[in-house]
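Undergrad: output the structure for:
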Amino acid sequence: LTATYPERNDDPAAWRKRVAAEPDRLMRPERHEPLFAVFAERGYDWGDANAFDKPTQRRMAGDLTPAGHIDWFFTRGLSASAPATLPAVLPDGSPSADHEALVVTVRVK
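TA: The predicted structure follows:
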């Protein structure tokens, strides 16, 4: 995903403007990221294995940088259901990572 935004680090203002012009790009990057087409051509699926309601990136409080869905499960020959994005936190409530936790139920077809 970050490779589809070369100006992310070179020109942060241009990056924010581009993200604002394509609000779905960070949460639904399939049309913009060539990897999805490559996986689809090889029989992989991601639609049922991922929740699309929350970003998988975690930002520090006050960080206005847009967060996206950048972690994915891909399946082939499996049936996926009940995907969810869960907070990745330690017992004290502090973040355990800069990404949230992904869960999904898979079964052999």
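Undergrad: so where's the protein uncertain?
TA: Scanning the chain for pLDDT under 70 picks out 1-9.
Undergrad: what about 50?
TA: 1-2 (pLDDT under 50).
Undergrad: show me where it has helices.
TA: 7-10, 12-21, 34-41 (DSSP state H).
Undergrad: save those helices as a markdown table, and put in distance to residue 65 and mean neighbour count too.
TA: All C-beta spots, glycine's among them, are computed from the backbone N, C-alpha and C. Formatted as a markdown table, the helices of the chain follow (distance: least, C-beta to C-beta, whole Å; neighbours: other C-beta atoms under 10 Å):
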| stretch | distance to residue 65 | mean neighbour count |
| --- | --- | --- |
| helix 7-10 | 9 | 12 |
| helix 12-21 | 8 | 12 |
| helix 34-41 | 22 | 13 |
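Undergrad: any chance of the ones you listed in JSON lines, with distance to residue 100 too?
TA: Shown next, in JSON lines, are the helices of the chain (distance: least, C-beta to C-beta, whole Å):
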{"stretch": "helix 7-10", "distance to residue 100": "20"}
{"stretch": "helix 12-21", "distance to residue 100": "19"}
{"stretch": "helix 34-41", "distance to residue 100": "20"}
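Undergrad: tell me which of those sits nearest to residue 103.
TA: For the helices of the chain, the distance to residue 103 is smallest for helix 34-41, at 20.3 Å, taking C-beta to C-beta.
Undergrad: if I pick the most centrally placed residue in the chain, what's in contact with it?
TA: By C-alpha atoms, centre = their mean, the chain has its centre lying nearest to residue 69, at 1.8 Å. Counting by C-beta atoms under 8 Å, 6 or more residues apart in numbering, residue 69 touches 26, 27, 28, 29, 50, 52, 54, 55, 56, 57.
Undergrad: roughly how far apart are the fifth one and residue 106?
TA: With the distance defined as C-beta to C-beta, to the nearest Å, residue 50 ends up 12 Å from residue 106.
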